[in-house]
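Chemist: My questions concern the predicted model and sequence given below.
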Amino acid sequence: MKALFNENYLLQRVAGGDAKAFEQIYLFYRPFLASFIFKLCASTEDTEEIVQDIFIKIWTNRQQLDHVHSFRSYLFTAARHQTLNALRKRVAEREKTIAFQKQISSDSTADDNRLDQYIALEDAINQLPLQQKKVYLLRRQEQMEHQAISNYLGLSPHTVKKYMKLAVLGIKKHLLLKQKLQSWPGIFLFWMFI
């Protein structure tokens, strides 16, 4: 890369706030800087953003240019740091995206499993004989006591207890046959409802 004619003079003018001198430095170094950054990040969009950020920082901190001995080294060191920061940010964002996608997938799978388990339980309840089904639903869904169920259905308390026991066994048998002991979460859910 050839040197910029009167670079030190132009940098002094930039330090003093001369926008035209800054534009000359920008136009001279921009292609070299962009090529260097692109080799590091392999993204045209990121390259353009990083180049802009570097030159914005140079303009913002232009008073410090008087203390810079080698502008080229200063510029390419800034480019390396800015690019590495951009790459770290890109990796962090990608990791967050992957983690979010995994969470969504996991939540979706868990929701699907719960839905399948609820459907299986409903199916098991619907397979019960009518009186057992009534007793089971009044006890589990309506939270009625055995005596209240007995009064409501006109059955003896002993019969209510017997139907409840038969309903639980029937549901258990239906679920175990359906799932063939392959789904422990299903069995866990079963015990939550029984």
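Modeler: Yep, it's here. Note that the structure is a prediction, hence the values are computed from the model and not measured. Numbers count the residues shown, from 1 in each chain.
Chemist: Could you measure from the spatially most central residue of the chain over to residue 87?
Modeler: Central residue of the chain (C-alpha atoms, centre = their mean): residue 100, 1.4 Å from the mean position. Computed as C-beta to C-beta, to the nearest Å, the residue 100 to residue 87 distance reads 20 Å. C-beta here means a position set from N, CA and C on the backbone, and glycine is covered the same way.
Chemist: Ok, residue 33 next?
Modeler: For residue 33 relative to residue 87 (C-beta to C-beta), the value is 16 Å.
Chemist: The two: which has the busier surroundings?
Modeler: Neighbour totals were compared for residue 33 and residue 87, and residue 33 leads with 22 against 16 (other C-beta atoms under 10 Å).
Chemist: Give the buried residues for the host helix or strand of the more buried one.
Modeler: Assignment of secondary structure by DSSP states H and E places residue 33 within helix 19-41. Across helix 19-41, burial judged by 16 or more other C-beta atoms under 10 Å covers 21-22, 24-26, 28-29, 33-34, 36-38, 40-41.
Chemist: Can you list the helices and strands that it packs against?
Modeler: helix 7-15, helix 44-60, helix 71-126 (3 or more C-beta pairs under 8 Å, 6 or more residues apart in numbering; DSSP states H and E).
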